[in-house]
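K.L.:
Compute the structure for the input listed below.
(2 chains)
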Amino acid sequence: MKDMFGALAEVVGESYVSNQPEETYFYARDPGLMPPREPDYVVVPKTVEEVQKIVKLAAKEKIPLVPMGAGMALTGLIIPLKGGIVMDMKRMNRILEVNERARYALVEGGTSQGLLKSYLEKNHPRLRHSIPDSPATATIASNVMIHGQGRLTQQYGFNSDMVSGLEVVLPSGEICKIGSCAVSPHWFSKGAPFPDLSGLFLGWFGATGIITKVAVKLYPRKKMRDVEIFVTDREDLVPEIVFELTHTEMVEDINVFSQPRPMIFKDNHHTTLFITGDTDEELEFKRKLVWHSLDRFIKSKDGGFMGVPPVLKPTILDSPQRSVCRFADVKRGGGFEYSGPIILVEKYPECARKTMELATKYDLAYSAMARIIGRGHCMMFGFAFTFNRADSDMMERTRKALHEVSEYALSAGGVFWKPTVNEQRMALAKMDPHTRNLMKMIKENLDPHGIMNPGNWEVA
Amino acid sequence: MYQLAFDADRCRTCPTGDCLVKCQYLQADKETAKTEMVKIAEDKDSFVLQECVTCYACEEYCKRGNHPFYLITERRDEKGILVAPRAITTQWIHIGEPQGKYRVGQLKEKVLSFGFMPEFLKMVKGKLFEDVLPSYIFGQEFFCNVVYIHFANTEIIKERLPAIIDNFKNLGVQEVVFMHDECYAAFTSLAPAYGMEIPFKAIHYFEYLYDRLKALEDRIQPLNIRAAYQRPCSNRLCADKHHFVRDIMNLIGVDLVEREYQDENALCCGGLFAMCFGYDLAEDVQTRNLDDMVKHGAEYCVFNCPACQSALGTKVAKRGIKPIHMIELCRMAIGEKP
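P.N.:
Next up, the predicted model:
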């Protein structure tokens, strides 16, 4: 087709399609380190029917199509590696249903985390969803697509585990419902008791279809929330500390971090834990159990709870945590990227030491952070480095450090979270060949022309 | 020169053993107290070295010129006996390390020292301070470091204090009003005892407030409230200034409730106990303290130390008592809104 611009404009209207460099420039990159690649077109649909038409158009013309939420993954997952069309989902941002008693929310594929959070606070104050610490503009669909984690991850697993239904536009242009919604008007389960087909889409980064609707489970939102921070100078004790804390089943979210700046954090490992309650009694009951669970470390002088000044609490309790942005600009120039393998909690000491080793080797500012997933079933360990975008040498050093992280993580038994294209290749190379073949069958059957986010999960 | 001397013979002949008999946290009778303090003086082991919670109160309880708490601290330091978990100690030592980020107002001969407590940057204003402000200093470069006696680490104090004193000297100030007991004690007793010369006159802020209130007496409207006073551990290091609490309250029409845990018998805020010893001790001390305030009908809880207010303020408020700092209370008394 000669006039793709015109064809796209016919679907969404001229205001919502562009091939102008001032716009394609921004859609060529994310805030991470991956090199940019400009799309030929950017299109911003409003309805699922428009998505269908665009997908059919791309399939007919065999033009690459990259669905995009807020583009915050940092690992280049929405960079159109082979050009084509970037489909920005942000206009599809309606909250379609909140079932208060069944505790789920159904939203369109471009709905942001912040929008759902504020909607729930206003209209359903006793409900909350597992909000990640990405900027509030990050979308719910893209977060579950990358198996993101959030505030409720220690209690309920990956955010994708909390999905209770999907609507997907397949690469053929057909609309497909996944989960209970396929046979029922209610979106309470993404699979069970039928075969769980959500795995055909979650984790595929849009390479098998575009999520146009997603239902997520909601959870009780208590009236009060507080934070405690347990510090130790022995990284080898962190897995035990996490084990004891998760055993209490009293904690909402558990994060561990170590970083050299500001000075208050130097030389220690900090386990940040959040507790909630509807009454002072409930909150204090939980606090007491949590503190007592770590008594032996206090008695041996191996660790203790630091006093969190009341003035600091709002910053730490902020959800999502905006203070993350400050780390992103430590070196000025706004560069920040991390590799966040999913790995056993027992690997924390190794990972923490590796972070410091690489920071020294490549002369980089670092932050090591871990979010506990489930009751200590695993963790996302973030090897985070900050850099100045105007300093190409520093950026190159960061790339090298992150590459070493990738090699290390795989060798330590970890798996990449939201992997870059290079990490996807590394994972596929190491993967059980039968598993890889199954992925290939899925990809080839769903996307025979390879138009969906090409470059990602290229099993074939 | 001021000395933090300790003479074991004074303990041997002590008629009361008050240092440990009066201790709120250790159990000791007169004979035990005398025996244990002599043991410590003779560099022998003692359960006191293991169990002292660092409330500083024995410095005030001893009326025989000895300095039991400083001795306990020195001995713990020498023997490497930890009070707090290592990580907590490290954290606090890092916090106080000069970073070159200090703030200095428009200096005069007299200056207000906020130490390294940012609360004072917002709290200290109004008529009470108009004769000194905007002459103030704030930052680690002017932080006395005395808090490290809680962690039995006098070495860091001895190491940092000379540079801190030099920083004051370089400013050329003649009089420094210290907004915290520990800072005041650092420059009136501890530093001189370490043989350091202090190139300025140290003034305790209670004394400053009292003088200012006297000067502004015509503006004072008696507050007619009932208040409990949360005496901080650090005030034990300059106990001679404690009388100003009552003096000030009398001046501004505050009825200081006569409760169990006041004056010599005051309980700690518990903030440090939680960090060093865990939940139970802090909870017990805080609960008894708050129950005592409620029982005696306190409407306000007046804080001297911002750290105490940080540890207890919310809990006090939840018991229906308004937490307020001494400075804010005094400002209220002259018709200002803190």
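
K.L.:
okay, and for chain B, where does confidence drop off?
P.N.:
For chain B, the stretches with pLDDT under 70 are B:1-2.

K.L.:
Point me to the residue sitting closest to the centre of it.
P.N.:
B:S234 (1.9 Å; CA atoms, centre = their mean).

K.L.:
Please name the bridge partners of B:D255.
P.N.:
B:D255 has the following beta-bridge partners by DSSP bridges: B:R226.

K.L.:
Relative to chain B, how far out is A:K286?
P.N.:
12 Å (CB to the nearest CB, to the nearest Å). In short, each C-beta sits where N, CA and C put it, glycine included.

K.L.:
swap in A:M263?
P.N.:
4 Å.

K.L.:
Spatially, what comes nearest to that residue if we skip its sequence neighbours?
P.N.:
Closest residue in space to A:M263, ignoring its immediate chain neighbours: B:H94 at 4.2 Å, by CB to CB, 6 or more residues apart in numbering or on different chains.

K.L.:
Name the next helix or strand following the host helix or strand of the one you found along the chain.
P.N.:
Counting by DSSP states H and E, the element that carries B:H94 is helix B:86-95. Downstream of helix B:86-95, the next assigned helix or strand under DSSP H and E is strand B:103-104.

K.L.:
So what touches that next one?
P.N.:
Applying CB atoms under 8 Å, 6 or more residues apart in numbering or on different chains, the external contacts of strand B:103-104 come out as B:L121, B:Y136, B:I137, B:F138, B:G139, B:L171.

K.L.:
same question, stretch A:429-448
P.N.:
By CB under 8 Å, 6+ apart, stretch A:429-448 touches A:170-171, A:200, A:207-209, A:410, A:428, A:450, A:452, A:457, A:459-460.

K.L.:
Now the buried members of the residues you listed.
P.N.:
A:L170, A:P171, A:L200, A:A207, A:T208, A:G209, A:L410, A:L428, A:G450, A:M452, A:W457, A:V459 (16 or more other CB atoms under 10 Å in any protein chain shown).

K.L.:
Those residues into a markdown table, with extra columns for pLDDT and secondary structure?
P.N.:
Formatted as a markdown table, those follow (pLDDT from 0 to 100; DSSP: H, G, I helix; E, B strand; the rest coil):
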| residue | pLDDT | secondary structure |
| --- | --- | --- |
| A:L170 | 98 | coil |
| A:P171 | 97 | coil |
| A:L200 | 98 | helix |
| A:A207 | 98 | coil |
| A:T208 | 98 | coil |
| A:G209 | 98 | coil |
| A:L410 | 96 | helix |
| A:L428 | 97 | helix |
| A:G450 | 96 | coil |
| A:M452 | 98 | strand |
| A:W457 | 97 | coil |
| A:V459 | 89 | coil |
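
K.L.:
nearest to chain B, of the residues you listed?
P.N.:
Taking CB to the nearest CB as the measure, chain B lies nearest A:L410 of the buried ones among the contacts of stretch A:429-448, at 31.6 Å.

K.L.:
Show me which residues of chain B sit near chain A.
P.N.:
B:82, B:84-88, B:90-91, B:94-95, B:97, B:99, B:118, B:271-272, B:274-279, B:283, B:310-311, B:313-314, B:318 (CB under 8 Å from any CB of the partner chain).

K.L.:
Next up, the contacts around the closest residue to the residue nearest to the centre of chain B other than its chain neighbours.
P.N.:
Distances taken as CB to CB, 6+ apart place B:D181 nearest to B:S234, at 3.8 Å, with adjacent residues excluded. B:D181 makes contacts with B:H204, B:P232, B:S234, B:N235, B:L237, B:C238, B:K241, B:N304, B:C305, as judged by CB under 8 Å, 6+ apart.

K.L.:
Next up, the contacts around the fourth one.
P.N.:
The neighbours of B:N235, taking CB under 8 Å, 6+ apart as the test, are B:D181, B:K241, B:H242, B:N304, B:C305.

K.L.:
could you redo the last one with a cut-off of 10 Å?
P.N.:
By CB atoms under 10 Å, 6 or more residues apart in numbering or on different chains, the residues touching B:N235 are B:56-57, B:60, B:180-182, B:184-185, B:204, B:206, B:229, B:241-242, B:245, B:266, B:304-305.

K.L.:
Over to it: give its phi and psi.
P.N.:
Main-chain dihedrals, B:N235, degrees, to the nearest 10: phi -70, psi -20.

K.L.:
can you check the third one too?
P.N.:
Listed backbone geometry of B:S234 is phi -60, psi -20, with angles given as degrees, to the nearest 10.

K.L.:
Looking at the residue of the stretch 301-450 of chain A found nearest chain B now. What's its pLDDT?
P.N.:
In the stretch 301-450 of chain A, the residue found nearest to chain B is A:G304; the distance is 3.6 Å by CB to the nearest CB. pLDDT recorded at A:G304 is 98.

K.L.:
Surely it is in a strand?
P.N.:
Yes: assessed with DSSP: H, G, I helix; E, B strand; the rest coil, A:G304 lies in a strand.

K.L.:
Show me the strands in the stretch 101-250 of chain A, by range?
P.N.:
A:104-108, A:127-128, A:163-169, A:175-178, A:210-217, A:219-220, A:224-232 (DSSP state E, counting those that start in this stretch).

K.L.:
and of those strands, who's closest to chain B?
P.N.:
Proximity to chain B, assessed across the strands of the stretch 101-250 of chain A by CB to the nearest CB, is greatest for strand A:224-232 (4.2 Å).
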